[in-house]
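Visitor: Quick check, what structure comes out for this input:
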Amino acid sequence: MSAGDDAVGQTGAEVGEDFRELLEKLSSQYNFDLREYREASLARRIRARMMQVRAESVSAYSRLLDDNDGEHVALFNTILINVTGFFRDPDAWKVLAEDVVPRLVTDAADSRSLRIWSAGCSSGEEAYSLAMLLAERLGTPADNYTIKIYGTDVDEEALTTARQAVYRTEQLKDVPDRLLDRYFSREGQLYRFRREIRRWCIFGSHNLTQAPPLSHIDLLVCRNALIYFTSELQDRILTRFHYSIREDGFLFLGRSESLLARSRLFAAVQPKWRIFRRIPPASRQAAAGLPETGPGQQAVPGAVADAPVSAAGLQRALDALPAAVMVIDTNDTILAWNPAAEALLDIPRPNALARRFRDLDVSYRVEGLRARIEDVKARHAVNRMDDVTFTRRNGVAVHADITIAPLFEASRVVGVLVYATEATEQARLKEQMSRIAEQHATAIEELQSTNEELETTNEELQSTNEELETTNEELQSTNEELETTVEELQVANSEMETLNAELEARSSELKRLDAYHLGLLNSMDQSVFVTDRALVVTSWNQAAERMWGLRAAQATGRAVMALPLGEATRILRTPLETVSKRGVPVEVRDVPYTLPGGEVRTAVVKIAPLRDGGGELIGVIGIAAPRETPGAGGITRR
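Guide: Reported below is the predicted structural model:
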């Protein structure tokens, strides 16, 4: 074992200081807090990365992180084990589909809205499995529902794969054939998840240990992600999950996560498959024996006598009660109490009747008692103080449960009844049970930790095996693609040769036609120019060169109106535009042009529309001929 192996090969308190400094660096510099991950699993993954980059110690690897900008990304990809799959643990998903999904759909019948969170979704298989279950249950009415399936993870590469929703055949081995045909389309050797169902799924980066949780979630799925965290962090994340899930919503964990067996936040629906239901706060309070009396609730006398009862009879009834009872009027005057109250609350033997309650030392020894009595008088509602601890004058600590209720007469509060029962023995038993439960929980946690370590190791081995299988398949696929590419290139080469021969033949034909066209134009004695519909010159024969004094290279490609033809440009502008727009021929007389010696002569320019084989106007053709005899100028339309 190298120095680096030794530095991170230990666990618990024996982990070296340089290892903890590395975790501090990752937290402060890269905003990725791994300090509450299980150290044994974390050390193995870091050691694996150190071996890949040949770092001999943790300090050497820490320096490598500083020198290599992309190394922290590679480290995080090594630490984050992306082991997932469609319908992983099929029996658990079958229970989810049969027991949970129908209840979700029933609960959403009014709101027509479902919100599901797949935490630690990796490359998306889990989120798309949930989408298929919902689509199967809802059928065509799914179009009337607003469905959001949030897939979150800290691995950006895995999230990119999830958004693409493209998977290899071996990744779909646990997808039933009917679901494969219904929800996937084949693209070569790959399968893509159907777009109309894929739009339900929203993938984004989210760190369970740091980021605030989502809210109003109907079903939260987090399978085998918590096993990498310490028990303290697991408890905090569970509290966040409880906040996220709506009342009576569901939580679906992995088979290795049995920590909820001791949680008061969730009740087991299918404990074997780690399916739980959120317990609302009010239910937890009732389960713990706490009062659920709300504001405005009034205590109503429980017995109505047919005949008045004497004061002595009432006092005898109070004396017979085993619980401590004290009656106080609205002016804080003590009206009655019984021997049990004298013993439990340590009331002095001298007669306390007609004394103010505030004058008794018990009003101060029981913290908050006077305030609760005043609150009952003001709100007319029952109030409870559970497991109150106070000390008698002899120094003995006493536990008691105290109920304070308003006394009514003709709908008017005339006093309060303080009713107390001693709970010292129950408190002792509760403390003893808590201690036993804590020892039991510790034993369970140790067993759970061992189980999670084994599961983590199994996950790592499975991940490595999948990586090797993927690499092998990629190499085979690459080889097949190369062979296919060679064949395609050979076919393409043959096609290119054929195409090249055809192009050469067409090129020769075009050259011949171009030479023929040019010869045809140049053989004409008249000056001929051709333009497109934008009046840009496309042809200019030799007679035009001689008449207008411009070579073909100078005229071709330019607008007629931009040619230096002198007065002819102005005269020809309107006729050219008329022909190009209306498609009717025009004859323009007395268009001046200048001979090389400077002599100015005039010509007759005939401008006609140029049409293609289908009769569509594609340009203008102009034919200019010198005038032999002078005459009146003008424009003749045909």
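Visitor: mind checking which helix or strand A268 is in?
Guide: A268 is located in strand 266-270, with elements delineated by DSSP states H and E.
Visitor: Show me which residues of the following helix or strand past that strand are buried.
Guide: Beyond strand 266-270 in the direction of the C-terminus, DSSP H and E gives the next helix or strand as strand 275-278. The neighbour-count check on strand 275-278 (16 or more other Cβ atoms under 10 Å) flags I275, F276, R277, R278 as buried. Every C-beta, even on glycine, is put in place using the N, C-alpha and C of the backbone.
Visitor: Just name the closest of the residues you listed to L214, please.
Guide: R278 (14.0 Å; Cβ to Cβ).
Visitor: Show me what the closest one bridges to in the sheet.
Guide: Assessed by DSSP bridges, R278 has beta-bridge partners F266.
Visitor: That one and R44: what is the separation?
Guide: R278 sits 34 Å away from R44, going by Cβ to Cβ, to the nearest Å.
Visitor: Excluding covalently adjacent residues, which one is nearest to C121?
Guide: Spatial nearest neighbour of C121, chain neighbours left out: G151 (3.6 Å); criterion: Cβ to Cβ, 6 or more residues apart in numbering.
Visitor: Determine the longest helix present in this structure.
Guide: helix 424-522 (DSSP state H).
Visitor: which helices and strands sit right next to that one?
Guide: On a contact count with 3 or more Cβ pairs under 8 Å, 6 or more residues apart in numbering; DSSP states H and E, helix 424-522 meets helix 39-53, strand 397-409, helix 542-548.
Visitor: Would you reformat the ones you listed as a markdown table and include mean neighbour count?
Guide: A markdown table is the format used below for those (neighbours: other Cβ atoms under 10 Å):
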| stretch | mean neighbour count |
| --- | --- |
| helix 39-53 | 19 |
| strand 397-409 | 19 |
| helix 542-548 | 20 |
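Visitor: how about a markdown table for these, with distance to R194 added?
Guide: Formatted as a markdown table, the helices and strands packed on helix 424-522 follow (distance: least, Cβ to Cβ, whole Å):
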| stretch | distance to R194 |
| --- | --- |
| helix 39-53 | 36 |
| strand 397-409 | 60 |
| helix 542-548 | 66 |
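Visitor: Check those for me: which has the lowest mean pLDDT.
Guide: Among those, helix 39-53 has the lowest mean pLDDT, at a mean of 80.
Visitor: roughly how far is that one from the heart of the chain?
Guide: 29 Å (Cα atoms, centre = their mean, to the nearest Å).
Visitor: Mind giving me the packing neighbours of that helix?
Guide: helix 3-8, helix 17-30, helix 58-67, helix 71-79, helix 424-522.
Visitor: Of all these, which one is nearest N541?
Guide: helix 424-522 (3.8 Å).
Visitor: what comes up buried for the next helix or strand after that closest one?
Guide: Counting by DSSP H and E, the next helix or strand C-terminal to helix 424-522 is strand 527-532. Within strand 527-532, the residues scored as buried using 16+ other Cβ under 10 Å are S527, V528, F529, V530, T531.
Visitor: What of stretch 232-239?
Guide: For stretch 232-239, using 16+ other Cβ under 10 Å, the buried residues are L233, Q234, I237, L238.
Visitor: which of the residues you listed sit farthest apart?
Guide: L233 and L238 (9.7 Å).
Visitor: Restrict stretch 596-616 to CA atoms and write it as CSV.
Guide: Extracted in CSV, the C-alpha atoms of stretch 596-616 (Å, rounded to 0.1, in the frame of the first residue of the first chain):
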residue,chain,number,x,y,z
PRO,A,596,-14.1,56.6,-80.4
GLY,A,597,-13.2,59.8,-82.3
GLY,A,598,-15.6,61.9,-80.3
GLU,A,599,-18.4,62.0,-82.9
VAL,A,600,-21.9,61.8,-81.4
ARG,A,601,-24.5,59.7,-83.2
THR,A,602,-27.9,58.4,-82.4
ALA,A,603,-29.4,54.9,-82.4
VAL,A,604,-32.7,53.2,-82.2
VAL,A,605,-32.9,50.9,-79.2
LYS,A,606,-35.5,48.2,-79.1
ILE,A,607,-36.2,46.9,-75.6
ALA,A,608,-38.2,43.7,-75.3
PRO,A,609,-39.1,41.4,-72.4
LEU,A,610,-37.1,38.2,-72.0
ARG,A,611,-39.2,35.2,-71.0
ASP,A,612,-38.4,31.6,-70.1
GLY,A,613,-39.9,28.4,-71.6
GLY,A,614,-42.9,28.8,-69.4
GLY,A,615,-43.6,32.4,-70.4
GLU,A,616,-42.4,33.9,-67.1
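Visitor: buried stuff in that stretch?
Guide: Those would be T602, A603, V604, V605, K606, I607, A608, P609, L610, for stretch 596-616 by 16+ other Cβ under 10 Å.
Visitor: Now the residue lying closest to the second one once chain neighbours are set aside: phi and psi?
Guide: Leaving out its chain neighbours, the residue that sits closest to A603 by Cβ to Cβ, 6+ apart is A624, at 4.6 Å. Reported as degrees, to the nearest 10, the phi and psi values for A624 are phi -110, psi 130.
Visitor: Show me what A624 is bridged to.
Guide: The partner residues for A624, given DSSP bridges, come to S527, V605.
Visitor: got a list of what it touches?
Guide: Q526, S527, V528, A544, M547, V591, Y593, A603, V604, V605, K606 (Cβ atoms under 8 Å, 6 or more residues apart in numbering).
Visitor: swap the cut-off to 6 Å and go again
Guide: Counting by Cβ atoms under 6 Å, 6 or more residues apart in numbering, A624 makes contact with S527, A603, V605.
Visitor: coming back round to it: of all the helices and strands packed on helix 424-522, which lies closest to Y419?
Guide: Nearest to Y419, of those and by Cβ to Cβ, is strand 397-409 at 4.5 Å.
Visitor: partners of the closest one in the sheet?
Guide: strand 383-391 (antiparallel), strand 412-422 (antiparallel).
Visitor: Out of those strands, indicate the one that is most buried.
Guide: Highest mean neighbour count of the strands paired with strand 397-409: strand 412-422, a mean of 19 (counted as mean count of other Cβ atoms under 10 Å).
Visitor: residues contacting T146?
Guide: With Cβ under 6 Å, 6+ apart, T146 has these contacts: S113.
Visitor: Let's see that with 10 Å instead.
Guide: Residues in contact with T146 (Cβ atoms under 10 Å, 6 or more residues apart in numbering) are A108, S111, R112, S113, L114, R115, W200.
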